[in-house]
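Student: Structure for this input, please:
(one chain, ligands or ions: 2)
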Amino acid sequence: MSDAVETPQTAAPIRISNKIGALGSGDHPVSMGEIRTACIRTFGCQMNVHDSDRMRRMILDAGYAEVHSYEEADLVILNTCYVRENAVDRVRGHLGELNRLRREGRVKKVALTGCIGASGESADLQRKYDIDLVLGTHNTYELAEFVGLPTMRETYTPELPGTDGEHSAFVTIMTGCNYRCSYCIVPAVRGRMVCRPLENVVEEVERLVASGTRYVTLLGQTVDAWRQDGRRFCDLLERVADVAPRVWFTTSHPSNMEDRTLRLIGEKGTIVKRLHLPVQSGSDRMLKIMHRGYKAERYRRKIGVFREAVPDGTLSTDIIVGHPGETEEDHENTLGLVEDCAFDSAYIFKFSPRRGTEAAGLGAPVAPEVVQRRFLEVLRAVEQNAFARNQLKVGGVEEVYVRHGSTEDGKAIGETWSGHAVHVRTGARPGDYVKARIESAGPHVLYAGEPIA
Ligand code: 5AD
Ligand code: SF4
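Tutor: Ligands and ions are numbered 1, 2, ... in the order given. Below is the predicted model of the structure:
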């Protein structure tokens, strides 16, 4: 595959006429009359966003123009998430609409990729919605042949390169997961952990930085479980942080998170001081049922190390409420942990049974109205903490990395070195830094004034 293909990341619709330059690149020159169009819709986590980037390169290499609405597309690719049932429901809605558009002759082909594609449910969906191509997470490369490119070699390692030339890029360092959390479908659809060699990761980061990337996010289901020939995640992170001007990583597992990694976050100026460490529950009983492999106290201790090593850092987590068997006491323990850890933000999920996981067969479901109440209680506790912590930032001057350029209202969205999201009034471009004073704060975002020269 050519490395020179443009990979537009904008959410705004791209007119086909804008794309002719990209179509002419590589080995697949395409004349105006033959333009085929493809629309990629991504659901779920950053791993999926990254996989979509790879697929985008394939379709552009094959001479497709990318469009952003189904009506304009010959080929629609739904890159999907299977982690919770509501994600699948959303995809079903899209598949229904696509079926209708196809019957009207507006869409020609539909491909279903990603975690639903890898799940047991994909065959039923393919039949019901008459899907042309179903791919899992391990055989995305087969899309190449489908769109008319030479067949690619099968790859079980994440060796397909990421995006070039963008101000920020994802770099996959491992795929799959060796845990068996009771509720989680990921190991079934993404397989066991495969770690990418350190040298390959560092080479890719060097190449990205040389081509203009200013922000590298290391990706994997459990990045901190990365290891290779006696080297551990901390070693890899340090090497990457020496090469890239700005680095972050996600997602981590508390059982793998080493104290020296937490200290490195505080020491290295190029690492964003934001830790995402999913805890799932504050109850030892639930953590055991979930097979998380740690107790709440150990999690608290890790957070203590983080707060000490990175006093200005931000901390986020994932919490599941209403897992089968969760009692009021378990829930109280979760609220206690939320209070103690003072998270800056959290993703709170209502338990969603996934066929094939242990939790789906456990029984002892929690009543929906109880789940809803617990959800709101955890949410309120997190937001109160987050709001109070964000207020402490008001009045200070922050260096803000611009992630998304300004919209019509003149506000760009950026990130501080401590990992806070900031709205800032600036025309600066993505990848630029501006300095601005924080004027106010909500539970999720800081609001800055005009940049200071
Ligand atoms: N139900 C609810 N939340 C889930 N997660 C994973 N599986 C489920 C499920 N079956 C959540 C976990 C995980 C995040 C990515 O999604 O909190 O950390
Ligand atoms: Fe799922 Fe647990 Fe693996 Fe995370 S660590 S991907 S929750 S099985």
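Student: Only C-alpha atoms from now on, for both contacts and neighbour counts.
Tutor: OK.
Student: ok, and the closest non-adjacent residue to residue 136?
Tutor: Spatial nearest neighbour of residue 136, excluding adjacent residues (Cα to Cα, 6 or more residues apart in numbering): residue 118 at 3.8 Å.
Student: Surely the one you found forms part of a helix?
Tutor: No: Residue 118 is assigned coil when assessed by DSSP: H, G, I helix; E, B strand; the rest coil, not a helix.
Student: Return the residues in contact with it.
Tutor: Contact analysis of residue 118 by Cα atoms under 8 Å, 6 or more residues apart in numbering lists 135-137, 189-190.
Student: For the stretch 151-300 of the chain, which segments are assigned as strands?
Tutor: 168-172, 174-175, 194-195, 215-219, 227-228, 231-232, 247-250, 274-276 (DSSP state E, counting those that start in this stretch).
Student: The ones you listed into TSV, with extra columns for mean neighbour count?
Tutor: Below are these laid out as TSV (neighbours: other Cα atoms under 10 Å):
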stretch	mean neighbour count
strand 168-172	24
strand 174-175	26
strand 194-195	18
strand 215-219	23
strand 227-228	16
strand 231-232	14
strand 247-250	23
strand 274-276	23
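Student: With distance to residue 296 and mean pLDDT added, can I get those in JSON lines?
Tutor: Listed next are the strands of the stretch 151-300 of the chain as JSON lines, based on distance: least, Cα to Cα, whole Å; pLDDT from 0 to 100:
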{"stretch": "strand 168-172", "distance to residue 296": "29", "mean pLDDT": "89"}
{"stretch": "strand 174-175", "distance to residue 296": "26", "mean pLDDT": "91"}
{"stretch": "strand 194-195", "distance to residue 296": "28", "mean pLDDT": "94"}
{"stretch": "strand 215-219", "distance to residue 296": "25", "mean pLDDT": "94"}
{"stretch": "strand 227-228", "distance to residue 296": "25", "mean pLDDT": "96"}
{"stretch": "strand 231-232", "distance to residue 296": "24", "mean pLDDT": "98"}
{"stretch": "strand 247-250", "distance to residue 296": "21", "mean pLDDT": "96"}
{"stretch": "strand 274-276", "distance to residue 296": "16", "mean pLDDT": "96"}
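Student: Ok, which of those comes nearest ligand 2?
Tutor: strand 174-175 (9.8 Å; Cα to the nearest ligand atom).
Student: for the closest one, packing partners?
Tutor: strand 194-195 (3 or more Cα pairs under 8 Å, 6 or more residues apart in numbering; DSSP states H and E).
Student: So in that sheet, which strands flank the strand it packs on, and in what orientation?
Tutor: strand 174-175 (antiparallel) (DSSP bridges).
Student: and residue 296, what does it touch?
Tutor: Here residue 296 is in contact with 281-284, 287, 337 (Cα under 8 Å, 6+ apart).
Student: want to try JSON lines for those residues, with neighbour count, pLDDT and distance to ligand 2 as columns?
Tutor: Shown next, in JSON lines, are the contacts of residue 296 (neighbours: other Cα atoms under 10 Å; pLDDT from 0 to 100; distance: Cα to the nearest ligand atom, whole Å):
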{"residue": "281", "neighbour count": "26", "pLDDT": "98", "distance to ligand 2": "12"}
{"residue": "282", "neighbour count": "23", "pLDDT": "98", "distance to ligand 2": "15"}
{"residue": "283", "neighbour count": "24", "pLDDT": "98", "distance to ligand 2": "16"}
{"residue": "284", "neighbour count": "18", "pLDDT": "98", "distance to ligand 2": "16"}
{"residue": "287", "neighbour count": "20", "pLDDT": "98", "distance to ligand 2": "11"}
{"residue": "337", "neighbour count": "20", "pLDDT": "98", "distance to ligand 2": "19"}
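Student: Report the separation between the nearest residue to residue 240 once chain neighbours are set aside and residue 358.
Tutor: Excluding the flanking residues, the one nearest residue 240 by Cα to Cα, 6+ apart is residue 202, at 6.1 Å. From residue 202 over to residue 358 the distance is 38 Å, taken as Cα to Cα, to the nearest Å.
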